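Trainee: Could you look at this predicted model? Sequence included:
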Amino acid sequence: MSEPLYRPWGTVTPEFWTSPAPGVGTAPQGLAAETLRARLVKVAEVAQHGRMADAVTLAAQLDQDVTAEYGEAHLHTVQVREVRGYLAALMGEHATGLAWYLHAAQLRVTVQGPSHPDVEAATLRAYSLWRAMPDEDERRRLAGDLLTVVTDIHGTDSLLARRVRDRLYSLALPAPAE
């Protein structure tokens, strides 16, 4: 008399073939675009209520989560880092804001290519923040960083690079006597 054969997996169903092998984890489901959007909205709401330090903390945690999920070279990561730059600028931390904007512009080049309109917009945001800095010494000090990124992305003869150089020259000239 033969013994019944007991298979280790039990009854095979169609779901069996779509399941991962035992001991193999499932692929991460990802930080859904809706979740990312909702968390960015939460950051904005917290900032609008004047709780800037909390907004910065939420944005930093979101940056960590998005970077872990998608990596550095992903548009979601770029967008969150631009938000971090914006928050820093709102807090009066212009140098930090500019650093985030320049970093995001460089990431955009990697993700979207140098001729993409969003890359130009990102470098224009950095330029605008730099121009709006109330401290001229800080502007002078950071002009080199801005000019380096702008010329790397758009070239030395680009309109934006010429604008940065012109502004830098005007900062270097003595103010007219009144």
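Mentor: Here it is on my side, so go on.

Trainee: shaky segments in this structure?
Mentor: 1-30, 174-178 (pLDDT under 70).

Trainee: Quick check: residue 114 touching residue 153?
Mentor: Yes - taking Cβ atoms under 8 Å as the definition, residue 114 is a contact partner of residue 153 at 5.5 Å. (C-beta placed from N, C-alpha, C; glycine too.)

Trainee: So for those two, which residue has more residues nearby?
Mentor: For residue 114 versus residue 153, neighbours defined as other Cβ atoms under 10 Å are more numerous around residue 153 (21 against 15).

Trainee: Who are the contact partners of the more buried one?
Mentor: Residues in contact with residue 153 (Cβ atoms under 8 Å, 6 or more residues apart in numbering) are 105-106, 109, 114, 119, 123.

Trainee: among these, which are in helices?
Mentor: Using DSSP state H, 105-106, 109, 119, 123 are the members of the contacts of residue 153 that sit in helices.

Trainee: want to throw those residues into JSON lines with neighbour count and distance to residue 52?
Mentor: What follows is the ones in helices among the contacts of residue 153, written out as JSON lines (neighbours: other Cβ atoms under 10 Å; distance: Cβ to Cβ, whole Å):
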{"residue": "105", "neighbour count": "30", "distance to residue 52": "23"}
{"residue": "106", "neighbour count": "17", "distance to residue 52": "26"}
{"residue": "109", "neighbour count": "18", "distance to residue 52": "29"}
{"residue": "119", "neighbour count": "22", "distance to residue 52": "28"}
{"residue": "123", "neighbour count": "28", "distance to residue 52": "25"}
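
Trainee: Nearest to residue 45, out of those residues: which one, please.
Mentor: Proximity of the ones in helices among the contacts of residue 153 to residue 45 (Cβ to Cβ) peaks at residue 105, which lies at 26.6 Å.

Trainee: residue ranges for the strands of this structure, please.
Mentor: With DSSP state E as the criterion, the chain has no strands.

Trainee: Burial check on residue 139, number of neighbours?
Mentor: 20.

Trainee: how much space between it and residue 109?
Mentor: 24 Å (Cβ to Cβ, to the nearest Å).
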